[in-house]
Each structure stands twice: as C-alpha cells, then as structure tokens.
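> Here you go, sequence then predicted model.
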Amino acid sequence: MADERSTGRDKPRLDIKIGEEEIKGRYANLVRVQHTREEFILDFINYVPPQGAVTSRVVMSPGHVKRLLRALADDLRRYEASFGDIVEAPTAPEDPQIN
C-alpha cells in the first residue's frame, strides 16, 4: 500500500518488506528470457563453465516487462551521465547460446 510520503521523484513511496534471504541478493551473470502470450519468464543464472544454475526466476506480465525495460533504460542513462559510458565486454567463445 502506498503511503503519503514522497521520494525525490515526487511519486508516492511504497513501504516494502524484504526477508533476510532476499536482502542478500542472488548473483547472476546470464539471463534466459522466454515468453508465452500471457507472461515473460526471466531465469537469472550463475554460469560457470561448463554448467550454470538458475539462482532466481521471475515471471512477469508483458505490461510489467515493458515498464521494467523503460525503467532500466532511464536508470542506465542516469548511471552513464554520472559515471561515464559502460563498455560491454565481448562475449567469450565458451559462453552458451541461450534462447
């Protein structure tokens, strides 16, 4: 439930609880994206050749995915404005092809 306090962006602030396990986060260096008509499935993977393990799976509606992409693009622009352009590392030859 949103409360009346606001953040620097003048949007209502959400009070969100996070459990002890979730606050630690999960490491992922690979993401597999799949979709159906009704949902997107994002598998976050810790890949260490020759195998990987899914560390977290997130299932989202197409509308939520579109908003996530917009939010990530906005944050990426602000990050690069503050810290400079991010240079992508080339994909290593041993990296798997994940569809």
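Perfect, I can see it now. Residues are numbered from 1 along each chain as shown.
> in the protein, which spans are strands?
2-6, 12-14, 30-35, 40-48, 51-60 (DSSP state E).
> Which neighbouring elements make contact with the last one?
This means strand 51-60. Helices and strands touching strand 51-60, by 3 or more C-beta pairs under 8 Å, 6 or more residues apart in numbering; DSSP states H and E, are strand 40-48. C-betas here are computed from N, CA, C, even on glycine.
> Just give me the longest helix of the protein.
For the chain, the helix with the greatest residue count under DSSP state H is helix 62-83.
> follow-up on the earlier one: most tightly packed of the strands of the chain?
Most buried of the strands of the chain by mean neighbour count (mean count of other C-beta atoms under 10 Å) is strand 40-48; its value is a mean of 16.
> Paired strands for that strand, with orientation please.
Sheet partners assigned to strand 40-48 using DSSP bridges are listed as strand 30-35 (antiparallel), strand 51-60 (antiparallel).
> Distance to residue 41 for those - can I get that in CSV?
Formatted as CSV, the strands paired with strand 40-48 follow (distance: least, C-beta to C-beta, whole Å):
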stretch, distance to residue 41
strand 30-35, 5
strand 51-60, 5
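> Let me have the ones you listed in JSON lines, adding mean pLDDT and distance to residue 20 as columns.
JSON lines is the format used below for the strands paired with strand 40-48 (pLDDT from 0 to 100; distance: least, C-beta to C-beta, whole Å):
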{"stretch": "strand 30-35", "mean pLDDT": "96", "distance to residue 20": "25"}
{"stretch": "strand 51-60", "mean pLDDT": "96", "distance to residue 20": "16"}
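> Could you work out which of those reaches nearest to residue 86?
Among the strands paired with strand 40-48, the nearest to residue 86 by C-beta to C-beta is strand 30-35 (16.4 Å).
> Just the CA atoms of the closest one, as CSV, please.
Coordinates of the C-alpha atoms in strand 30-35 are reproduced here as CSV (Å, rounded to 0.1, in the frame of the first residue of the first chain):
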residue,chain,number,x,y,z
LEU,A,30,23.5,-14.7,-17.5
VAL,A,31,19.7,-14.2,-18.1
ARG,A,32,17.5,-16.5,-20.2
VAL,A,33,14.3,-14.9,-21.3
GLN,A,34,11.3,-16.9,-22.5
HIS,A,35,7.7,-15.8,-23.1
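> Brilliant, that's me finished.
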